[in-house]
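Undergrad: quick one, fold the following:
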Amino acid sequence: MHVTSVQNPLTSVADDVAATQRALALQDGPTILVGHSYGGTVISQAGDAPNVVGLVYIAARAPDAGEDYTALAARFPTPPANAGLVRSGGFEQLSQDAFLTDFAGGVPRSRALALYAAQGPISTSLFSGRTTVAAWRNKPTWYAVSTQDKTASPELERFLANRMKATTVELDTSHLSIVTQPDAVTKLILDAAASAAPHTPASTPGQPKTGVAGQ
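TA: Numbers count the residues shown, from 1 in each chain. Below is the predicted model of the structure:
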């Protein structure tokens with residue numbers, strides 16, 4: 001695999017999609033887009049690119065085109081992490097207590113503190129941004145539900161996975177399944193790559209590699 005980790009500026013949906021599109025332009029073959037949490041919004045838009053052959057959502061948002069995702073989420077239980085947002089200067093981020101308890105539950109404290117220190121502040125208008133396409137409507141999709149999630153409602157995650165008819169796994173973990181259950185998440189991504197791009201095996205010399213661009 002040729003793996004790229006996209007660094008989202010978190011200033012607007014358009015800015016984040018542009019960052020992903022730049023990463024997609026550097027891929028040398030069929031690409032799987034992977035989005036965790038808000039990253040699901042980004043891949044739902046950027047996944048419309050022709051070299052994207054599949055989408056993997058990890059406890060992620062998956063808005064429909066033009067959908068008011070905040071209104072959709074309000075139909076489901078409010079996750080505890082929402083109460084821990086700290087706002088300043090047009091940006092917001094989780095407080096230390098909310099990050100350690102609700103976002104990174106189950107992560108060893110030293111690792112969780114390091115992740116908290118690297119937490120990127122998000123624009124207060126970020127979550128009100130809307131997508132203009134829903135790539136999951138015409139691309140194969142996979143979804144990992146975090147059953148102990150306190151940052152996003154597990155019920156909402158199941159709704160999204162069902163709506164997109166995704167191949168779904170349920171992981172008994174917090175929002176950060178990518179840290180607490182990396183093997184299960186890796187398997188889901190590799191299964192997606194194998195299923196969506198079987199014509200480009202990584203072992204074949206001279207063939208383009210399947211790429212993974214993650215949020």
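
Undergrad: please identify the helix or strand for the closest residue to residue 85 other than its chain neighbours.
TA: Distance criterion C-beta to C-beta, 6 or more residues apart in numbering; nearest residue to residue 85, sequence neighbours excluded, is residue 92 at 5.0 Å. Heads up, the C-betas are built off the backbone N, CA and C, glycines and all. According to DSSP states H and E, residue 92 maps onto strand 91-94.

Undergrad: if we look at that strand, which residues are touching it?
TA: For strand 91-94, contacts defined as C-beta atoms under 8 Å, 6 or more residues apart in numbering pick out 81, 84-86, 102-103, 116, 119-124.

Undergrad: show me how to select, in PyMOL, the buried members of those residues.
TA: Those of the contacts of strand 91-94 that count as buried under 16 or more other C-beta atoms under 10 Å are selected in PyMOL with:
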select buried, resi 81+84+102+103+116+121+122+123
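
Undergrad: circling back to that earlier point, quick check: beta-bridge partners of the residue nearest to residue 85?
TA: residue 87, residue 122 (DSSP bridges).

Undergrad: run a quick neighbour tally on it.
TA: 15 (other C-beta atoms under 10 Å).

Undergrad: ok, it to residue 86 distance?
TA: As defined by C-beta to C-beta, to the nearest Å, residue 92 lies at a distance of 6 Å from residue 86.

Undergrad: got it, and residue 31?
TA: Taken as C-beta to C-beta, the span from residue 31 to residue 86 is 35 Å.

Undergrad: quick one, grab the pLDDT at the residue nearest to residue 85.
TA: pLDDT recorded at residue 92 is 96.

Undergrad: what's the distance between it and residue 123?
TA: Residue 92 is 8 Å from residue 123, by C-beta to C-beta.

Undergrad: likewise for residue 15?
TA: Residue 15 is 9 Å from residue 123, by C-beta to C-beta.

Undergrad: ok, now residue 146?
TA: The value you get for residue 146 to residue 123, if C-beta to C-beta is used, is 25 Å.

Undergrad: so what's residue 58 up against?
TA: Residue 58 sits in contact with 34-37, 39-40, 143-144, 177-178, 185, 188, where contact means C-beta under 8 Å, 6+ apart.

Undergrad: relative to residue 162, which of the residues you listed is nearest.
TA: Lowest distance from residue 162 to the contacts of residue 58 (C-beta to C-beta) belongs to residue 143, with 8.9 Å.

Undergrad: burial measure for that closest one, as a count.
TA: 27.

Undergrad: so residue 105: helix, strand or coil?
TA: Classification of residue 105 by DSSP: H, G, I helix; E, B strand; the rest coil places it in coil.

Undergrad: pLDDT at it, what is it?
TA: 96.

Undergrad: which ones are touching the spatially closest residue to it that is not a sequence neighbour?
TA: Using C-beta to C-beta, 6+ apart and skipping the chain neighbours, the partner closest in space to residue 105 is residue 174 (3.5 Å). Counting by C-beta under 8 Å, 6+ apart, residue 174 makes contact with 102-107, 146, 148-151, 180.
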